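Enquirer: Kindly return the folded structure for what I paste below:
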Amino acid sequence: MAPRRGGSSSGGGYSSGGGGVSCDGCDDPLELRGDGWTFSKTNALFAFYIISAVVLLACLVLASRFKWVRKEGKDKLRNLGFVLATCSVLLMFIISIVDAALREENTTTTYLYFLIYIFSSLGWRLGEILLLAVILRTLYESTASTLVNALPTFNTITIVLLSLLSMSGFGIYIADIVYTIRGGYSGPLFYGTLVQDRQYVDFSYTSLYFLVSIVIVVYSVLLFLKERSQTTTIMLAGVAPSLFLRTLIDLATRGVSSFPNKTSYKDAAGLSWAEQYLYVILTTILFLLVAWIGCIKPRDLNYLSVQQKYNGAVPVEYTTNGPPTAYQPVQTHTAPVSYSNGQPGYSYNTQPTQQPPYRSALP
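Expert: Numbering: from 1, shown residues only. All right, here's what the predicted structure looks like:
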């Protein structure tokens, strides 16, 4: 949360304008108060932010080695979405690191410092939506099962709705920050309906996000049972539960902040600390797991599923050794004995362009 206006500012918190547009309160001193690195929870969270920032930098490096493919070739849209999501969340983590360091050093600055919270909120909101879009796209692009036929449409509708809610909350948050810079927290705007509306919008956004995480969990289980692969295993064991748990604790925190009269301050503070820790840890795990899926070689995916999904038009990344051939069951206890005109049932090409089919007759 942004720091509040201290009592050291002069002139009632307003500065004189120079005729035209003025910024009352922009030059007022702002004291960022901390505990001088003596509070263990703050120090631990600061360390988690640094570790997570380093991990996200590693994920950006891994993004250049992603092997996601589609019918037309590499899935560049998914690569771009992952890179933008990583950069957005990385920006938020860096701002959090700088903010925590300045607070613990009891730095004095001006109220223009509040502007960094706008960029932090933007990074959080953009990263959340892009990461969810990448996870949903990965879920239905890694299988040919008919279970996921509705997921592309569901992905589009969900991202549009979440974007509208997120932009609405972000617009109200900007108005809140601008009002704080100009006039402080004493006016009716801060305690009035504007901030309450932002809390309700953010609560609606998190509720929808939570419902989508439940859908991802259900589809991960069904796809794992129907078509087991390395991708579905990672989705079921890591991505789906991490996303569900992170969204659940975020929803609980939003509910407490939206309805503060239902919870004591001590319980709300404890829940807020737990949410911050879990958000940083689980977000880092999510990016690592999605990067791991992106680095899986196409050969490790279900070949026949990909071929079936694209109606035989398999991406070039899958056909380095020639197109697939039909195989008949081979009896391991006997050698092939089928001959035609004195020749084996299969022929050898001196200049083969593909793997020859292997046939064997039943004994």
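
Enquirer: for the stretch 101-250 of the chain, what are the low-confidence residue spans?
Expert: 144, 183-194 (pLDDT under 70).

Enquirer: could you pull out the strands for it?
Expert: Ranges of strands in the stretch 101-250 of the chain, per DSSP state E, counting those that start in this stretch, are 108-110.

Enquirer: Helices of that one, start to end?
Expert: 115-141, 151-183, 188-191, 193-226, 230-234, 240-258 (DSSP state H, counting those that start in this stretch).

Enquirer: any chance of those in JSON lines, plus distance to Trp292?
Expert: (C-beta placed from N, C-alpha, C; glycine too.) JSON lines is the format used below for those (distance: least, CB to CB, whole Å):
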{"stretch": "helix 115-141", "distance to Trp292": "11"}
{"stretch": "helix 151-183", "distance to Trp292": "21"}
{"stretch": "helix 188-191", "distance to Trp292": "44"}
{"stretch": "helix 193-226", "distance to Trp292": "15"}
{"stretch": "helix 230-234", "distance to Trp292": "6"}
{"stretch": "helix 240-258", "distance to Trp292": "12"}
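
Enquirer: ok, Thr231 - contacts?
Expert: 138, 142-143, 293, 296, 301 (CB atoms under 8 Å, 6 or more residues apart in numbering).

Enquirer: Quick check: buried residues in stretch 207-219?
Expert: Buried residues in stretch 207-219, counted by 16 or more other CB atoms under 10 Å: 209-210, 212-213, 216-217, 219.

Enquirer: meant to ask about stretch 42-62
Expert: Counting neighbours by 16+ other CB under 10 Å, stretch 42-62 gives 42, 45-46, 48-49, 52-53, 55-56, 59, 62 as buried.

Enquirer: what residues are up against Ser272?
Expert: 253, 256.

Enquirer: Now do the contacts for the closest residue to Tyr209 other than its chain neighbours.
Expert: Closest residue in space to Tyr209, ignoring its immediate chain neighbours: Thr247 at 5.3 Å, by CB to CB, 6 or more residues apart in numbering. Thr247 makes contact with 206, 209-210, 213 under the criterion CB under 8 Å, 6+ apart.

Enquirer: ok, so what distance separates Ile118 from Phe287?
Expert: Per CB to CB, to the nearest Å, Ile118 is found 23 Å from Phe287.

Enquirer: who has more neighbours, these two?
Expert: Phe287 (25 against 17; other CB atoms under 10 Å).

Enquirer: one step back: and the furthest pair within the contacts of Thr231?
Expert: With distances taken as CB to CB, the most widely separated pair in these is Thr143 and Ile296, at 13.2 Å.

Enquirer: neighbour-wise, which of those two wins?
Expert: Neighbours were counted for Thr143 and for Ile296 using other CB under 10 Å; Thr143 has more, 24 against 17.

Enquirer: isn't that one right up against Gln230?
Expert: No: counting by CB atoms under 8 Å, Thr143 stays clear of Gln230, with 11.9 Å between them.

Enquirer: and the gap between the nearest residue to Ile296 once chain neighbours are set aside and Phe224?
Expert: Distance criterion CB to CB, 6+ apart; nearest residue to Ile296, sequence neighbours excluded, is Gln230 at 5.7 Å. Gln230 sits at a distance of 11 Å from Phe224 (criterion: CB to CB).

Enquirer: And the two? Which one has more around it.
Expert: Ranked by neighbour count (other CB under 10 Å), Gln230 and Phe224 place Phe224 first, with 18 against 15.

Enquirer: how close does the more buried one sit to Lys266?
Expert: Taking CB to CB, one finds Phe224 at 41 Å from Lys266.

Enquirer: The closest residue to Ile216 other than its chain neighbours: what's it in contact with?
Expert: Distances taken as CB to CB, 6+ apart put Ala240 closest to Ile216, at 5.2 Å, once the chain neighbours are dropped. Contacts for Ala240 were tallied using CB under 8 Å, 6+ apart; they are 213, 216-217, 220-221.

Enquirer: What is the nearest of these to Asn106?
Expert: Distances from Asn106 to these, taken by CB to CB, are shortest for Ser213, at 39.3 Å.

Enquirer: which residues does Cys295 contact?
Expert: By CB under 8 Å, 6+ apart, the neighbours of Cys295 are 62, 65-67.

Enquirer: what separates it from Val239, distance-wise?
Expert: In terms of CB to CB, Cys295 sits 14 Å off from Val239.

Enquirer: just Pro29 next, same as before
Expert: 46 Å.

Enquirer: the more surrounded of these two?
Expert: Neighbour tally, Pro29 and Val239, criterion other CB under 10 Å: the higher count belongs to Val239, 24 against 13.

Enquirer: from what I can see that one touches Leu132, true?
Expert: No: counting by CB under 8 Å, Val239 does not reach Leu132; the two are 10.8 Å apart.

Enquirer: if we can go back for a sec, got the contacts of Cys295 as a markdown table, with secondary structure and distance to Leu122 columns?
Expert: A markdown table is the format used below for the contacts of Cys295 (DSSP: H, G, I helix; E, B strand; the rest coil; distance: CB to CB, whole Å):
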| residue | secondary structure | distance to Leu122 |
| --- | --- | --- |
| Leu62 | helix | 24 |
| Arg65 | helix | 28 |
| Phe66 | coil | 25 |
| Lys67 | coil | 31 |
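
Enquirer: Widest-spaced pair of those residues?
Expert: Checking the contacts of Cys295 with CB to CB, the most distant pair is Leu62 and Lys67, at 10.8 Å.

Enquirer: who touches both of the two?
Expert: Joint contacts of Leu62 and Lys67 (CB under 8 Å, 6+ apart) are 294-295.

Enquirer: circling back to that earlier point, in helices, which of the buried residues of stretch 42-62 fall?
Expert: Per DSSP state H, helices hold the following members of these: 42, 45-46, 48-49, 52-53, 55-56, 59, 62.
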